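1. With the input below, show me the fold.
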Amino acid sequence: MSKTLGEVARTARVQARLTQVDVAERIGLATEVYGRLERGLMLPSVPTLWRLCLTLRIPADHLLGFAVESPPQWALTPPAEQDDAEVRRLMRSVRKLKASHVRTLSLMVAVLRREA
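-> Down below sits the predicted model:
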């Protein structure tokens, strides 16, 4: 999504005959930060997205890539399965472990994978 937003923002900025400095000043970002946004390296906050839409005079659905004939590949990814909830719970527990315990758990997982 960040790549799509960056490409659309760059195209709209060029069509509006604005520089990155112009847009960055108008939406309240440092020029370097706006440059990262255009390169697809980050997504803006919702308030910044709103200011970007107003500055570039472009609807948010177009800027986010939702106004295209064929949706982007990431939008076609099927929703997460129920097993994902169990994995998320497991990961929350693992994050609370000490580093030595995480290493031990990692070794156990490696052994289980070999047996599978």
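2. What ranges does the protein have for its helices?
-> 2-15, 20-27, 31-38, 46-56, 60-63, 83-95, 99-115 (DSSP state H).
3. Next, the angle from the worst-scoring helix or strand of the chain on mean pLDDT to helix 99-115.
-> Least confident helix or strand, the chain: helix 83-95 with a mean of 80, by mean pLDDT, DSSP states H and E. Helix 83-95 runs at 140 degrees relative to helix 99-115, counting by axes from the mean of the first three to the mean of the last three CA atoms, to 10 degrees.
4. Show me how this structure divides into domains.
-> Domain ranges of the chain: 2-76, 83-115, per automatic domain parsing.
5. and among those domains, the most buried is which?
-> Highest mean neighbour count of the domains of the chain: domain 2-76, a mean of 15 (counted as mean count of other CB atoms under 10 Å). For every residue, glycine as well, the C-beta is placed using N, CA and C.
6. Off-centre distance for that one?
-> 13 Å (CA atoms, centre = their mean, to the nearest Å).
7. hmm, back to that, looking at the helices of the chain, which one has the lowest mean pLDDT?
-> The stretch with the lowest mean pLDDT among these is helix 83-95, at a mean of 80.
8. Which residues are in contact with the nearest residue to residue 10 once chain neighbours are set aside?
-> Using CB to CB, 6 or more residues apart in numbering and skipping the chain neighbours, the partner closest in space to residue 10 is residue 38 (4.7 Å). For residue 38, the contacting residues are 6, 9-10, 13, 20, by CB atoms under 8 Å, 6 or more residues apart in numbering.
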